[in-house]
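**Q** Output the structure for:
(one chain, ligands or ions: 1)
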Amino acid sequence: MLIVANWKAYVEEQSKAKKLFELAKRLASATDISIVLAPPAPLLGALAARNKSKVAFAAQDVSRTTGGAFTGEATAQAYAAAGATYAIIGHSERRSAGDTDPIIAEKLAHALAHGLRPILCIGESERDGEGRYLATVREEMTAAIESLTPKERNEVIIAYEPLWAIGKTAAAAISPNDLAEMVLYIRKVLAELLPGKSSRGSLILYGGSVEPENARALVASSGVDGLLVGHASVDPDAFSVLVRQLA
Ligand code: PGA
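**A** Numbers count the residues shown, from 1 in each chain. Here you go, the predicted model:
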């Protein structure tokens, strides 16, 4: 089971970042859960330097550039140098800040080129009665990974994050049944995108209002391989309960 803690911009102090990292280390060594932390870039650099623990680090995004005269950009190579081994790409909060499908495809390629395992976020903004949300999910997956080689496609972790469920409370998250249905659908699309290969090896995460109240039910029979946790990942008590109950 993989738990990715997306700290977003919630954590802004070294002291809080250090405390959450220490907690993650304790949880990772006390359980069989793989924990990946995604801190804001400067804090990632401070924590991941000389990291020898089981906890891994993810960039929350990578630049679409590969370096040069691009003030303010943090490239995949720079993240890798700072100690990240994963990269969240295409999060809805980046999509709403301008990331289009072609930009996301470029970012995936840069991440892979520098040894960062991409966590590709996809998800519909609303659930319509005609099932158009399924087409959205298919289009986002296809646009992001169709230009990758089969080997690279296998590396991509899919994080299904319906926009309507992000940043709320457990009651607003997807139901376990609807999630199970979506996981089957994502595996079907992956099977088409990975011809000749089994998509069963690909990892699928769920994200959107995961809290201690619903985490166990969401993973119990939905077929997901883990969770992408936002606000509950920066609350030490909530995160601790959440991880322990999945172990
Ligand atoms: P949330 O965020 O857990 O606060 O809903 C999840 C995400 O956006 O990755």
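
**Q** secondary structure class for Arg216?
**A** helix (DSSP: H, G, I helix; E, B strand; the rest coil).

**Q** Tell me, what's the model's pLDDT at it?
**A** At Arg216, the model reports a pLDDT of 97.

**Q** what does Ile35 give?
**A** So, for Ile35, pLDDT stands at 98.

**Q** pretty sure it is in a strand, no?
**A** Yes: secondary structure of Ile35 (three-state DSSP): part of a strand.

**Q** For it, give its distance to the ligand.
**A** Relative to the ligand, Ile35 is positioned 15 Å away (Cβ to the nearest ligand atom, to the nearest Å). All C-beta atoms are positioned from the backbone trio N, CA, C, and that covers glycine.

**Q** Confirm for me that that residue is in contact with Ser29.
**A** No: using Cβ atoms under 8 Å as the test, Ile35 is too far from Ser29 to be in contact (10.0 Å).

**Q** When the two are compared, which one has more neighbours?
**A** Ile35 (25 against 11; other Cβ atoms under 10 Å).

**Q** ok, what's across the strand from that one?
**A** Ile3 (DSSP bridges).

**Q** Show the pLDDT at the residue of the chain found nearest the ligand.
**A** Nearest to the ligand in the chain, going by Cβ to the nearest ligand atom, is Gly230, at a distance of 2.2 Å. Gly230 carries a pLDDT value of 98.

**Q** Write out the residues of this protein neighbouring the ligand.
**A** 6, 161, 166-167, 207-210, 228-232 (Cβ under 6 Å from any ligand atom).

**Q** Just flag the most distant two among those residues.
**A** Glu161 and Ala232 (14.0 Å; Cβ to Cβ).

**Q** Quick check on those two: which one has the bigger neighbour count.
**A** The residue with more neighbours, out of Glu161 and Ala232, is Glu161; 26 against 22, by other Cβ under 10 Å.

**Q** tell me the contacts of that one?
**A** Contacts for Glu161 (Cβ atoms under 8 Å, 6 or more residues apart in numbering) come out as His91, Ser92, Cys121, Ile122, Gly123, Tyr206, Gly207, Gly208, Leu228.

**Q** Check Asn214 too.
**A** The contact partners of Asn214, by Cβ under 8 Å, 6+ apart, come to Ala170, Ala173.

**Q** what's stretch 128-142 in contact with?
**A** Stretch 128-142 is contacted from outside by 90, 101, 120, 122-127, 158, 160, 162, 182, 185-186, 189-190, 193, using Cβ under 8 Å, 6+ apart.
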